[in-house]
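Asker: Okay, here's the prediction I keep looking at, along with the sequence it came from:
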Protein chains: 2
Amino acid sequence: MTHLFHPARDDMRISRVLAALADPVRLHLVAQVADGSERSCAAEEWGVQVHKSTLSHHFRVLREAGVTMTRVDGRNRWIRLRRADLDARFPGLLAAVLAALPEEAAHPQDRAAAS
Amino acid sequence: MTHLFHPARDDMRISRVLAALADPVRLHLVAQVADGSERSCAAEEWGVQVHKSTLSHHFRVLREAGVTMTRVDGRNRWIRLRRADLDARFPGLLAAVLAALPEEAAHPQDRAAAS
DNA sequence: CAGATCGTTTGACAAACATCAAACTAAGGT
DNA sequence: ACCTTAGTTTGATGTTTGTCAAACGATCTG
């Protein structure tokens, strides 16, 4: 598959972007490239304790939602934030989420709820 | 149950809030009270085609995430946005999401993905 | 109290999701 | 050619989620 799907800026859907961001692991991944840097898919580069196929899955969710851009280069893939597109399409969203991340990182991962 | 759980402002978690907002139905509900108004839980008041128990479930998710406040008054419950708390805790988040809602509403609800 | 109203809770069910492991594809390197 | 490296795809598994329906609880009204 040499063609990776990326939604056009105008095809991004807010509910989809929110769903992509509503996962602690993916939120952590986004934080790693928040500075505009690029990173390969190697698990060591992201400081996360999941299997590489799981990581691959998360990158796909982020990419298909329009949050990240995946560039193919030889046998590596380089991932970066689509900050300009996100800022144009949903002004303020990314900034608000990124601002909340340091605090989020302090918590252990939890998917459970209290009543 | 006379005590409904509402997270304190500082206990709100961004991943939880994002998860609460990452649903087309709940996004629609939030849009209805975006102007600061209060609304009872009656399905007719929200213009949504789900069973009342489903609606009750969504209100709980929103409340437990800290997005909405539910006030009990006799046999009615009045729901409103916790805008001040959200703005204080996650500045810009709500505004960014609300700004994207009119466009979101134009689309049919979809939870499925394309490859 | 009896009945109606408003909403929650519980149970059931299918779809979606996060995860891992193993198989696979593609691109280098030797 | 062969082996390694980088990442995806597929299958399996357990969890979570959205939904409805039916039962329940609580409050108001006659």
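Answerer: Sure thing, it's come through.
Asker: residue ranges with poor pLDDT in chain A?
Answerer: Applying pLDDT under 70 to chain A flags residues A:1-2, A:107-115.
Asker: Get me the contact residues on it for DNA strand C.
Answerer: When proximity is defined by CB under 7 Å from any atom of the strand, chain A lies next to DNA strand C at A:1-2, A:19, A:23, A:25, A:49-51, A:53-54, A:57-58, A:61, A:74-75. Bear in mind the C-beta positions are built from the backbone N, C-alpha and C, glycine included.
Asker: count of neighbours near A:V17?
Answerer: A:V17 has 25 neighbours, counted by other CB atoms under 10 Å in any protein chain shown.
Asker: Show me which of the residues of chain A next to DNA strand C are buried.
Answerer: A:A19, A:D23, A:V25, A:H58, A:V61 (16 or more other CB atoms under 10 Å in any protein chain shown).
Asker: now the residues you listed as JSON lines including distance to B:E45?
Answerer: Below are those laid out as JSON lines (distance: CB to CB, whole Å):
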{"residue": "A:A19", "distance to B:E45": "26"}
{"residue": "A:D23", "distance to B:E45": "32"}
{"residue": "A:V25", "distance to B:E45": "37"}
{"residue": "A:H58", "distance to B:E45": "38"}
{"residue": "A:V61", "distance to B:E45": "34"}
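Asker: Farthest-apart pair in these, please.
Answerer: Spatially, the most separated pair among these is A:A19 and A:V25, at 13.4 Å (CB to CB).
Asker: Can you pull the residues that touch both of those two?
Answerer: Here A:A19 and A:V25 have no joint contacts, going by CB atoms under 8 Å, 6 or more residues apart in numbering or on different chains.
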